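*Asks:* Here you go, sequence then predicted model.
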Amino acid sequence: MFFTKKRRYKPLYKKFLRLKKNIQNRKKLLRFKKKKWQVLRYSILKYKKKLNYLKFNDSSQYFLSNFNTFFSNRFLYNLLNKQRLSLYYGGLGKNYLKRMVKEAQLDSKNTNKHISLLFIEKLERRLDTTLYHSHFVYSLRCAKQLISHQKVSVNGKIVKSSSYKLKKGDFITINKTSFNFVVSNVINSDLWPLPPKHLCVNYKILQITVIEDMRFTNFSTKYPSWIDFNSFIKFYER
């Protein structure tokens with residue numbers, strides 16, 4: 001008889017230590033007392049000084065690296081940039097991100113829009129991302145669980161895929177059995193950053209409606225750390 005060793009559950013936020021960034025704005029990380037978390041807390045407070053500048057500048061614009069020798073650290077720069085993007089959206093896989101880049105590249109040829117903006121729109125149209133930005137859940141992993149348990153409906157139909165792409169006119173509702181859970185998440189959240197302006201969120205009946213196209217929304221204020229989308233897309237365009 002063969003026994004298989006169970007994989008130990010590792011919280012996603014522990015990967016933030018390597019990046020020295022609070023990628024998903026987890027408030028509980030600031031309450032940890034071990035020395036390794038104090039280093040992370042110091043880097044978060046240091047980054048807040050630059051946050052006001054990033055709030056009013058689009059992430060798709062040009063960016064100068066902090067590395068003194070930019071080209072010699074190019075691999076590390078791309079690696080950390082890819083990890084920040086993947087962790088922010090709940091740990092997306094390499095193949096999925098590469099497929100999204102190719103789709104954005106094709107759409108860019110047909111619509112003459114910037115490829116990085118189309119790539120961001122594809123990620124922000126995901127159902128789990130919409131729930132997270134509306135503060136219905138406290139993390140993207142929580143959003144995936146809520147969807148997999150068939151507690152979320154789009155246009156009156158239950159959706160089981162967290163990568164479901166929303167479009168203008170769609171409305172999202174929550175199953176009544178999960179009302180108390182979602183309400184507690186909304187109450188305990190800081191409600192900042194505010195939900196994107198292409199969404200109309202009704203917190204009384206817990207309903208989200210996509211009211212306009214995402215091209216009018218600036219998503220740069222949503223990211224707690226810098227993500228260089230231009231470098232990321234060039235890396236996967238090869």
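*Replies:* Good, I have the coordinates. These numbers come from a predicted model, not from an experiment. Residues are numbered from 1 along each chain as shown.
*Asks:* next SSE after the helix or strand of the chain with the lowest mean pLDDT?
*Replies:* Ranking every helix and strand in the chain by mean pLDDT, DSSP states H and E puts helix 35-55 at the bottom, with a mean of 65. Following helix 35-55 in sequence order, the next helix or strand is helix 74-88 (DSSP states H and E).
*Asks:* So what touches the next helix or strand after that next one?
*Replies:* Note on helix 74-88: by DSSP H and E, the next helix or strand toward the C-terminus is helix 94-111. The contact list for helix 94-111 (Cβ atoms under 8 Å, 6 or more residues apart in numbering) reads 82, 85-86, 113-116, 118-119, 122-123, 163, 232-233, 236-237. All C-beta atoms are positioned from the backbone trio N, CA, C, and that covers glycine.
*Asks:* In contact with the spatially most central residue of the chain: list those residues for me.
*Replies:* When Cα atoms, centre = their mean is applied to the chain, the residue found nearest the centroid is Tyr89 (3.4 Å). Contacts for Tyr89 (Cβ under 8 Å, 6+ apart) come out as Leu123, Arg126, Thr129, Leu140.
*Asks:* ok, the third one to Leu166 distance?
*Replies:* This points to Thr129. 9 Å (Cβ to Cβ, to the nearest Å).
*Asks:* Also the last one?
*Replies:* Distance from Leu140 to Leu166, counting by Cβ to Cβ: 15 Å.
*Asks:* Any idea how far stretch 23-30 is from the middle of the chain?
*Replies:* With Cα atoms, centre = their mean, to the nearest Å as the basis, stretch 23-30 stands 13 Å off its chain's centre.
*Asks:* no wait, stretch 15-26
*Replies:* For stretch 15-26 - counting by Cα atoms, centre = their mean - the centre lies 13 Å from the chain centre.
*Asks:* just stretch 116-125 next, same as before
*Replies:* On Cα atoms, centre = their mean, the centre of stretch 116-125 falls 11 Å from that of its chain.
*Asks:* Spit out the contact partners of Val201.
*Replies:* Taking Cβ under 8 Å, 6+ apart as the test, what Val201 contacts is Ser134, Pro195, Gln207, Ile208, Thr209.
*Asks:* so can I have a markdown table of those residues showing pLDDT and neighbour count?
*Replies:* Compiled in a markdown table, the contacts of Val201 are given as follows (pLDDT from 0 to 100; neighbours: other Cβ atoms under 10 Å):
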| residue | pLDDT | neighbour count |
| --- | --- | --- |
| Ser134 | 94 | 25 |
| Pro195 | 87 | 18 |
| Gln207 | 96 | 15 |
| Ile208 | 97 | 25 |
| Thr209 | 96 | 16 |
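*Asks:* farthest-separated two in those residues?
*Replies:* Pro195 and Gln207 (12.4 Å; Cβ to Cβ).
*Asks:* Quick check: the gap between the closest residue to Leu30 other than its chain neighbours and Gln24.
*Replies:* Of all residues not flanking Leu30 in the chain, Arg41 sits nearest, at 5.7 Å (Cβ to Cβ, 6 or more residues apart in numbering). Going from Arg41 to Gln24 by Cβ to Cβ gives 15 Å.
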